[in-house]
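Visitor: A structural model of the following input is requested.
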Amino acid sequence: MKALVKAHLFHPSVVLPLAAFTELLVERDFNLGQVGIIVAARSAQAVVSRSRSLLCCHGCHPVC
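Guide: Now for the predicted structure:
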C-alpha cells in the first residue's frame, strides 16, 4: 500500500497542480477567498476552451 501511495504521490499529474496551487496561495498571501475566485475563473476558462475545441469542426470554421 505504501508503494502504491508513493508511486501516485510523485506522479506529475499530482505534483504539478499542487505546486501551482501552492504558488498561487503564496502570491495571494494565503487569502483563500481570492484564491478560490482565481481557481474558479481559470477553471471556467478551461471549460470554455475545451468545449470550443469539441464543438469546432477543426478547420471548417475560421473563428475556431
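Visitor: Output the contacting helices and strands for the helix of greatest length in the chain.
Guide: When the chain is scanned for its longest helix (criterion: DSSP state H), the result is helix 32-55. The helices and strands touching helix 32-55, judged by 3 or more C-beta pairs under 8 Å, 6 or more residues apart in numbering; DSSP states H and E, are helix 12-27. To be clear about C-beta, it is placed using only N, CA and C from the backbone, and glycine gets the same treatment.
Visitor: starting at the chain centroid, how far to the helix it packs on?
Guide: Offset of helix 12-27 from its chain centre (C-alpha atoms, centre = their mean, to the nearest Å): 9 Å.
Visitor: one step back: can I get the longest helix of the chain as CSV, trimmed to CA atoms?
Guide: This file holds the C-alpha atoms of helix 32-55, laid out as CSV (Å, rounded to 0.1, in the frame of the first residue of the first chain):
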residue,chain,number,x,y,z
LEU,A,32,-8.5,31.6,0.3
GLY,A,33,-11.3,33.9,-0.9
GLN,A,34,-9.1,35.4,-3.7
VAL,A,35,-7.5,32.0,-4.5
GLY,A,36,-11.0,30.4,-4.8
ILE,A,37,-12.1,33.1,-7.2
ILE,A,38,-8.9,32.7,-9.3
VAL,A,39,-9.2,28.9,-9.4
ALA,A,40,-12.9,29.2,-10.4
ALA,A,41,-12.1,31.7,-13.2
ARG,A,42,-9.3,29.6,-14.5
SER,A,43,-11.5,26.5,-14.4
ALA,A,44,-14.2,28.3,-16.3
GLN,A,45,-11.7,29.4,-19.0
ALA,A,46,-10.5,25.8,-19.3
VAL,A,47,-14.1,24.6,-19.7
VAL,A,48,-14.9,27.2,-22.4
SER,A,49,-11.7,26.4,-24.2
ARG,A,50,-12.3,22.7,-24.1
SER,A,51,-15.9,23.0,-25.2
ARG,A,52,-15.0,25.2,-28.1
SER,A,53,-12.4,22.7,-29.2
LEU,A,54,-15.0,19.9,-29.0
LEU,A,55,-17.7,21.9,-30.8
